[in-house]
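A.B. asks: just need the structure, nothing else, for what follows:
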Amino acid sequence: MHVAELMVTDLKVVGADTPLPEALALLAEDHLTALPVVDARNHLLGVLSTTDILQAMAEADGRIEREQLFSSGTVSDLMTPRPVGITPDSSVKEAAQQMLYLEVHRLFVVDEDRLVGVISQTDVVRGVALAKL
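C.D. replies: Residues are numbered from 1 along each chain as shown. Now for the predicted structure:
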């Protein structure tokens with residue numbers, strides 16, 4: 001089975017210059033754990049995850065610094081650059097192995113340098129549960 005058969009293609013994305021309050025609202029409203037960060041041509045630049053947000057909160061030096069960061073910062077201030085990617089024609093087994101070895105919850109699916117989807121641990125488990133794998 002290929003990644004293309006299990007990946008999610010209806011993605012919410014943000015730009016690197018998106019204000020953090022807007023990105024945080026999108027994460028909360030849509031119950032997401034990460035947002036891919038793309039440029040105008042849909043090239044994958046990074047990922048903003050709940051882990052990035054929690055790490056920034058833990059590292060912020062006091063309430064005032066946290067308030068400044070989360071009220072006037074942009075996605076580029078917190079995002080993880082160069083997230084792990086995989087191609088749509090890669091096997092689901094390869095995707096699962098990469099997630100396991102790299103200790104990540106998702107892989108972004110990139111075709112000819114453009115973001116086309118995401119496959120997560122949940123998608124792989126769903127494939128097993130529905131007897132697709």
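A.B. asks: and Lys12, which of the three is it?
C.D. replies: coil (DSSP: H, G, I helix; E, B strand; the rest coil).
A.B. asks: any idea how far it lies from Arg82?
C.D. replies: Going from Lys12 to Arg82 by C-beta to C-beta, to the nearest Å gives 20 Å. From N, CA and C alone the C-beta is placed, and that goes for glycine too.
A.B. asks: in terms of neighbours, single out the busier of those two.
C.D. replies: Lys12 (13 against 10; other C-beta atoms under 10 Å).
A.B. asks: OK, contacts around that one?
C.D. replies: 26, 30, 32, 35 (C-beta atoms under 8 Å, 6 or more residues apart in numbering).
A.B. asks: now the helices for the protein?
C.D. replies: 3-6, 20-29, 50-59, 63-72, 75-78, 92-102, 121-129 (DSSP state H).
A.B. asks: what is the nearest of the contacts of Lys12 to Leu130?
C.D. replies: Using C-beta to C-beta, Leu32 is the member of the contacts of Lys12 that lies nearest Leu130, at 22.3 Å.
A.B. asks: quick check: closest non-adjacent residue to that closest one.
C.D. replies: Lys12 (6.5 Å; C-beta to C-beta, 6 or more residues apart in numbering).
A.B. asks: for the one you found, what are phi and psi?
C.D. replies: Per-residue torsions, Lys12: phi -90, psi 130 (degrees, to the nearest 10).
A.B. asks: what about Leu130, distance to Leu48?
C.D. replies: 30 Å.
A.B. asks: looking at the two, which is more packed in?
C.D. replies: More neighbours surround Leu48 than the other of Leu130 and Leu48, with 27 against 9 (other C-beta under 10 Å).
A.B. asks: OK, contacts around that one?
C.D. replies: 14, 23, 27, 34-35, 37, 75, 78-80.
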